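Student: model this:
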Amino acid sequence: MNRRSQLGPVTKSTVWLLWLFLLGCALAMGQNSYTVSGTITDKGNGETLFGASVLLAGTSIGGITNEYGFYSITAPAGEYTLRITYMGYNEVQMKINLVQDLKNDVEVSEFSTELDEVVVTADEPERALLGKPEMSVVKMNMGTVKQMPVVLGEVDVLKSLQMLPGVTNNGEGTGGFHVRGGAQDQNLVLLDEAIIYNTSHMFGFFSVFNADAIKDVKLYKGGIPARFGGRVSSVLDIRQKDGNNKNFALTGGIGVISSRLTAEGPLFGDKGSFLVAGRRSYVDLLLKAAGEENSVSFYDLNLKTNYAINTNNRLFLSGYFGRDAFKLGNSFDSSYGNASGNLRWNHIFNDRLFSNLSAIWSRYDYDLEFAQDEFEWVSSITNYNLKYDFKYYLSDAFSLDFGANGIYYDFDPGEVNPTADTSPVNPLKLDQKRALESGIYINAEHKLTPSLILQYGMRYSAFSRLGGQPISEYANDHPVVYNSLLGIYERGEVIGEKQYAKSETIETFGNFEPRFSLAYLLNEDSSIKAGYSRTAQYIHLLSNTSSVTPLDVWTPSGPFIKPQLSNQYAVGYFRNFLDKAYSLEVETYYKTVDNRIDYIDGSDLIGQNTIETEILNGEMRAYGLELLLRKNEGDFTGWIAYTLSKSEQRTLGGNAGGPGINDGDWYNSAFDRTHDISISGAYQLNDQWSFGTNLVFQTGRPVTYPNGQYVYEGLSIASYAPRNSDRLPAYHRMDVSVNYKPRKYQNKRFKGEWVLSIYNLYNRKNAASISFGQNLETGANQATRTAIFGIVPSLTYNFKF
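Tutor: Numbers count the residues shown, from 1 in each chain. All right, here's what the predicted structure looks like:
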């Protein structure tokens, strides 16, 4: 009997990608051409420019600069005009005679030297990059970010991203962000390649990113390139400034609750530069001066330096250190924060091969101290990451990205220590967990015709849960069981535990992750794009609250918690019109996630050493339509963003038995927003006055309300509706800002501006939560609505020297 093997869908996609890769290599090798390469930098401060367009005028030959400003273009011998464009910068054109390989570094100058002035012009290479096979990618200009109205005077990268389609948060005063119906922990957030585990200050009011230290912000909502792995929803890639290598400069601002100062300048002559940026709140000082015992504060410190060994080798050293502190009288103290460091080596092997080697360290920890009970609780996650990335420009029609990385994780879920001999609390340390995640990838960008460009690649990721801890064993191998008599899920029966030595591996996972996207130019002003990506996530954030808190704990995949696996499909239409003054982006997507955990009713995650007894594995799906209409030039610029979407979760009983959560039916995820409309505008009246406004409307967040009550032994007990079947009231607000630049600063090196912002102009009391209880005097049931912000005015003075 003959047996025919059948290829699975992932294996079939691998075969197709391999075939395309070999075809591209063959075509590239068959060409006889020369290469012009170099680095594009800002003429004023020496910063490299990521995403600058470099074209040979009159041809379809060109490309964009990578994260370090490097470009490489290969073309047949001949005379050309090299054209460099970048948003907010003057266009550069220069004649080149390509009869041999050329090294050509170019400096470009800004339109204006005003204080982060936003100038948007209609240059076709930059406008939406119609022919670039990138799907669902957002690149934010820092000048645009700084023009937007803000809460309490703090410019916020994350809140600016939430004004775009497919990106939301969980309400005011909540940390993190959600992309296309995904959870906060499904976003990979990188600051100079280092993982940031908590993106919030002051419990979500502000982000950890100091806008004065940031150069580039790029969010991949889908179509995630093969070089990224480890998360299933999005990648937020943020790059710090390198530092001004031309002149010493100071930038800063004084606001109502915090101030910031950035210093940068050249080092080692013209071979290097440095940047030091600090930010600190002073709410704690104001509270202390007012005689308050409570206190809240945060600080950031961004550091970066670089040194050019020679024209082909450059070293970078960067770091971030941020922390929050919260004190409630003499009874409670809390602090939490991120820290990271990255040592990088850029090396140019030749005019076609660029590489970057990075050694990265990152840590997040929190510390709670309870003075009354005389004990403290500490928890942390630390990782060490080594990665090596290459970019190989084989020809104008074919380029390759490839590389490898390995991340070692150290999870410390919690430790309790008495702070005094009289403490009634005994020491307790939860099991420390270790894991190793690795990946290799290859990705090709392939121009099949002048109108059709493909991007395809493959990533293979592996994850090993390392030993050094005991693993509980359960009856019938079920950590959760269904009690059919009571109709509830309960913890399984522990029948023993297995001890693993540090040299042993508890569990190993591996996944192929194909990525594919294409762009087809319909004409010079419009294109259609499509993309598919499969991603795997091996670490999970444990939180059964509606929003992320500093006290949430990360845990690795293992015997009872499987990796999350996602498949996302997207199709889009992109168009420039009215002589490129306007642009339209329309995308639709469908995303599935397997092995998404959810929590049984009554789950207890605090101090839990066997987290598998509190969860069930389920699945998630999200789909939607996104529209973005931009006005790109003129005195008035801005956009209208609209998202129509659905995000659902289903958690069956599985091996635990029973119907599952919500009787096994699909239910709204906590991040579902049916409608999300954002309007953002900026108006430049003259060289002194400019204005900005935001208008936001969102469908209310899904919640579970009680739908009845009964009395048992004299107690009134609530019964609840199906999970997340109700919603908070719709969220909406309007923000405005006014920027004023005094004329006396216009022709001087010192420049200053005043920024007046009003957050929530019409004082909407948006519900952060609604709680239910009984009025003790009347005995009637009542609902209490909690709002975080009403109208919030703020005044900030920014300066640059």
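Student: is Val792 in a bridge, and if so with what?
Tutor: Tyr759 (DSSP bridges).
Student: list the residues that contact it.
Tutor: Val151, Leu152, Ile758, Tyr759, Asn760 (C-beta atoms under 8 Å, 6 or more residues apart in numbering). C-beta coordinates here come from the backbone N, C-alpha and C atoms, glycine included.
Student: do that again at 7 Å, thanks
Tutor: Residues near Val792 by C-beta atoms under 7 Å, 6 or more residues apart in numbering: Val151, Leu152, Tyr759, Asn760.
Student: quick check, nearest of these to Asn707?
Tutor: Proximity of these to Asn707 (C-beta to C-beta) peaks at Asn760, which lies at 31.8 Å.
Student: find the nearest non-adjacent residue to the closest one, please.
Tutor: Computed as C-beta to C-beta, 6 or more residues apart in numbering, the closest residue to Asn760 that is not its neighbour in sequence is Arg733, at 4.5 Å.
Student: correct me, but the one you found touches Arg764?
Tutor: Yes: counting by C-beta atoms under 7 Å, Arg764 is a contact partner of Arg733 at 5.2 Å.
Student: my guess is Glu293 is in a strand, correct?
Tutor: No: counting by DSSP: H, G, I helix; E, B strand; the rest coil, Glu293 falls outside a strand, being coil.
Student: touching, it and Ser331? I think so.
Tutor: No: judged on C-beta under 7 Å, Glu293 makes no contact with Ser331 at a distance of 9.5 Å.
Student: now name the helix or strand holding the residue nearest to Asn760.
Tutor: In this assignment (DSSP states H and E), Arg733 forms part of strand 731-740.
Student: then Val593?
Tutor: Counting by DSSP H and E, Val593 is part of strand 582-599.
Student: count the residues that sit near the residue found closest to Ser234 once you drop the neighbours it is linked to in the chain.
Tutor: Using C-beta to C-beta, 6+ apart and skipping residues adjacent in sequence, the residue nearest Ser234 is Val179, 3.9 Å away. Using other C-beta atoms under 10 Å, Val179 has 28 neighbouring residues.
Student: what residues of the strand holding Val593 count as buried?
Tutor: 582-583, 585-589, 591-599 (16 or more other C-beta atoms under 10 Å).
Student: same deal with stretch 331-343?
Tutor: Quick answer for stretch 331-343 (16+ other C-beta under 10 Å): Asp333, Ser334, Ser335, Tyr336, Gly337, Asn338, Ala339, Ser340, Gly341, Asn342.
Student: who are the contact partners of the nearest residue to Ser526 once chain neighbours are set aside?
Tutor: Once flanking residues are discounted, Ser526 sits nearest to Arg575: 4.1 Å by C-beta to C-beta, 6+ apart. Arg575 is in contact with Asp525, Ser526, Ser583, Leu584, counting by C-beta under 7 Å, 6+ apart.
Student: report the central residue of the chain.
Tutor: The centre of the chain sits closest to Leu236, judged by C-alpha atoms, centre = their mean, with a distance of 3.0 Å.
Student: and which of the buried residues of strand 582-599 is nearest Arg743?
Tutor: Tyr582 (32.7 Å).
Student: what sits against the closest one?
Tutor: Arg630, Lys631, Asn632.
Student: quick one, helices of this structure?
Tutor: For the chain, the helices defined by DSSP state H occupy 9-29, 142-147, 157-161, 283-289.
Student: if you average pLDDT over each of the ones you listed, which comes out lowest?
Tutor: Of all those, mean pLDDT reaches its minimum on helix 9-29 (a mean of 55).
Student: for the residue nearest to Ser603 when sequence neighbours are not counted, grab the count of nearby residues.
Tutor: In space, and not counting its chain neighbours, Ser603 is closest to Glu614: 3.9 Å by C-beta to C-beta, 6+ apart. Using other C-beta under 10 Å, Glu614 has 20 neighbouring residues.
Student: roughly how far out does stretch 427-442 sit from the chain middle?
Tutor: Centroid separation for stretch 427-442 versus its chain: 21 Å, with C-alpha atoms, centre = their mean, to the nearest Å.
Student: show me the shaky parts of this structure.
Tutor: Along the chain, segments meeting pLDDT under 70 span 1-32, 112-129, 173, 544-551, 745-747.
Student: how about the contacts made by Tyr589?
Tutor: Taking C-beta under 7 Å, 6+ apart as the test, what Tyr589 contacts is Ser136, Arg180, Gly222, Gln568, Tyr569, Ala570, Tyr623, Gly624.
Student: now do 10 Å
Tutor: Shown in contact with Tyr589 (C-beta atoms under 10 Å, 6 or more residues apart in numbering): 135-136, 166, 180-181, 221-223, 531, 568-572, 622-626, 645.
Student: what's opposite it in the beta bridge?
Tutor: Ala570, Gly624.
Student: same question, Gly38
Tutor: Beta-bridge partners of Gly38, as defined by DSSP bridges: Tyr71.
Student: how much space between it and Asp156?
Tutor: In this view, Gly38 and Asp156 are 35 Å apart by C-beta to C-beta, to the nearest Å.
Student: likewise for Ile758?
Tutor: From Ile758 to Asp156 the distance is 16 Å (C-beta to C-beta).
Student: now Thr699
Tutor: From Thr699 to Asp156 the distance is 23 Å (C-beta to C-beta).
Student: likewise Glu47?
Tutor: For Glu47, the distance to Asp156 - C-beta to C-beta - is 22 Å.
Student: also Ala622?
Tutor: 25 Å.
Student: of these two, who's got more company?
Tutor: Set Ala622 next to Asp156 and count neighbours by other C-beta under 10 Å: Ala622 wins out with 26 against 19.
Student: hang on, the earlier thing: of the contacts of Tyr582, closest to Gly229?
Tutor: Arg630 (31.0 Å).
Student: contact partners for that closest one?
Tutor: 120, 127-128, 576, 581-585, 637-641, 680.
Student: most widely separated two among these?
Tutor: Asn576 and Ser680 (19.2 Å).
Student: hmm, Lys591 is touching Leu565, no?
Tutor: No: the pair Lys591 / Leu565 is not scored as a contact, 11.4 Å apart, by C-beta atoms under 10 Å.
Student: which neighbours do the two have in common?
Tutor: With C-beta under 10 Å, 6+ apart as the test, Lys591 and Leu565 both reach Val232, Thr535.
Student: relative to Leu164, how far out is the residue nearest to the centre of the chain?
Tutor: If you go by C-beta to C-beta, the gap between Leu236 and Leu164 works out to 12 Å.
Student: quickly list what's touching both of the two.
Tutor: Val138, Leu219, Lys221.
Student: neighbour-wise, which one of those leads?
Tutor: Lys221 (28 neighbours).
Student: need the contact list for Val157.
Tutor: So Val157 contacts 140, 142, 145, 199, 207-211, 214, 217, 219, 236, 238 (C-beta under 10 Å, 6+ apart).
Student: identify the residue nearest it in space, chain neighbours excluded?
Tutor: Phe209 (4.6 Å).
Student: Val137 too?
Tutor: Val137 sits nearest to Tyr220 (C-beta to C-beta, 6+ apart), 5.6 Å away.
Student: tell me what the one you found is bridged to.
Tutor: Val137, Val235.
Student: ok, back up a step: name the residues contacting each of Arg733 and Arg764.
Tutor: Contacts common to Arg733 and Arg764, judged by C-beta under 10 Å, 6+ apart, are Val696, Phe789, Gly790, Ile791.
Student: just the buried ones from those residues?
Tutor: Of those, these count as buried by 16+ other C-beta under 10 Å: Val696, Phe789.
Student: which one of the shared contacts of Arg733 and Arg764 is nearest Ser160?
Tutor: Among these, and counting by C-beta to C-beta, the member closest to Ser160 is Val696, at 12.1 Å.
Student: who's in contact with the closest one?
Tutor: 162-163, 168, 641, 676-680, 731-735, 760, 764, 766.
Student: and if you look at Val137?
Tutor: Neighbours of Val137 in contact, by C-beta under 10 Å, 6+ apart: Leu129, Lys218, Leu219, Tyr220, Lys221, Gly222, Gly223, Ile224, Pro225, Val235, Ser517, Gly531.
Student: repeat the analysis, applying 8 Å as the threshold.
Tutor: Lys218, Leu219, Tyr220, Lys221, Gly223.
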